[in-house]
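In: Here is my input; please provide its structure:
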Amino acid sequence: MYNVKMHIILVIAFCLGVAFSGRSVKAEDFDYQTAYKDYQYNYNLYNKLHDEYQLARASYMQYGTLLSEEEAKKVTLAMLQARDGTITTYLTALRMRIKENRGLGDSEKESLFRRIDPEASYFEEHKGKLASVGSLEDFVEDSDEAKERFSDSTEFVFYTSLTNIAIGNTAYERKQIEEVIANLKSKISDIKLAGDKDVSVFDRFFVEIDNKLQRSREKEDSAKDIIGKSEESYRKDDKVGYYNDAVGSVQGSYLYLKEIVSYLKEIIRIIKIK
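Out: Predicted coordinates for the structure are as follows:
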């Protein structure tokens with residue numbers, strides 16, 4: 001699953017109120033791992049600049065000189081540009097994770113991209129216009145504008161993307177398991193036709209397996225419903241609570257798959273010793 005801890009840190013960074021990659025990457029070599037490293041680079045840069053901003057701000061508040069004001073403006077600009085850069089590289093990492101996800105369909109991916117891309121564009125444009133800001137008061141105003149966008153829209157895109165990535169991962173695992181089940185049923189059918197082994201013991205196993213597959217799908221559908229409800233009312237309700245509920249349902253879906261795998265292993269063990 002995507003690194004949720006880093007996302008929570010990113011939310012905190014905005015509450016405290018990140019872009020440049022340190023290396024050149026060919027387009028054909030750009031993947032999720034590269035995108036995530038770019039995000040980590042930008043996030044670490046933001047942390048460094050935020051510390052410098054705190055010192056420059058304290059100096060300006062203490063001395064109030066023209067020199068301290070100019071230094072505060074310079075450091076504030078760098079810090080806010082780094083913050084915007086962190087957001088855009090995080091969104092890019094989400095986009096690449098979704099692109100590489102083998103459990104999401106093309107239409108599902110395109111739907112998520114239509115949410116991600118406007119947010120990335122907004123913060124790229126916001127970063128660009130920061131250079132024209134003339135005063136510390138204007139920096140505060142522009143920072144508050146970006147924080148409002150983050151709270152009203154971007155943060156929800158994060159949670160929606162992360163949940164769908166988890167759903168896609170689970171759906172892919174279930175597809176792989178269903179292929180194993182189909183192969184085992186075919187093998188057991190061949191054994192039954194040959195008449196050299198009693199295979200009736202497997203009937204109970206497959207009843208349980210089919211039931212757990214259905215429950216796994218239901219948990220996945222529940223996660224999708226939760227995210228849908230969150231979208232309808234996320235401005236006034238707890239986004240983190242909705243996200244935790246959705247991910248909890250995905251985890252429940254995955255637990256059913258783990259139980260199925262244990263059944264399949266037992267079936268294979270019995271076939272080998274019969």
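
In: pLDDT below threshold where in the stretch 101-250 of the chain?
Out: Within the stretch 101-250 of the chain, the stretches with pLDDT under 70 are 233-237.

In: As a check, name the ranges of all helices in it.
Out: Secondary structure of the stretch 101-250 of the chain by DSSP state H, counting those that start in this stretch: the helices cover 106-129, 136-149, 155-194, 201-233, 239-273.

In: starting at the chain centroid, how far to the longest one?
Out: The gap between the average C-alpha position of helix 155-194 and the chain average comes to 21 Å, counting by Cα atoms, centre = their mean, to the nearest Å.

In: same check, this time on stretch 122-135
Out: On the basis of Cα atoms, centre = their mean, stretch 122-135 sits 26 Å off its chain's mean C-alpha point.

In: Can you check the distance spanned by it, start to finish?
Out: For stretch 122-135, the first-to-last residue distance is 22 Å (Cα to Cα, to the nearest Å).

In: which residue is nearest the centroid of the chain?
Out: Nearest to the mean C-alpha position of the chain, by Cα atoms, centre = their mean, lies residue 162 at 2.8 Å.

In: my guess is it meets residue 244, correct?
Out: No. Counting by Cβ atoms under 8 Å, residue 244 is not a contact partner of residue 162; they are 11.1 Å apart. The way it works is simple: take the backbone N, C-alpha and C, and place the C-beta from them, glycine included.

In: Which SSE is immediately downstream of the strand or helix carrying residue 48?
Out: Using DSSP states H and E, residue 48 sits within helix 32-63. Heading C-terminal from helix 32-63, the first helix or strand you meet, by DSSP H and E, is helix 66-100.

In: Tell me the helices and strands packed up against that next one.
Out: Packed against helix 66-100, as judged by 3 or more Cβ pairs under 8 Å, 6 or more residues apart in numbering; DSSP states H and E, are the following elements: helix 4-16, helix 32-63, helix 106-129, helix 136-149, helix 155-194.

In: one step back: as a markdown table, the helices of the stretch 101-250 of the chain with distance to residue 94 would be great.
Out: Converted to a markdown table, the helices of the stretch 101-250 of the chain look like this (distance: least, Cβ to Cβ, whole Å):
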| stretch | distance to residue 94 |
| --- | --- |
| helix 106-129 | 6 |
| helix 136-149 | 16 |
| helix 155-194 | 5 |
| helix 201-233 | 15 |
| helix 239-273 | 14 |
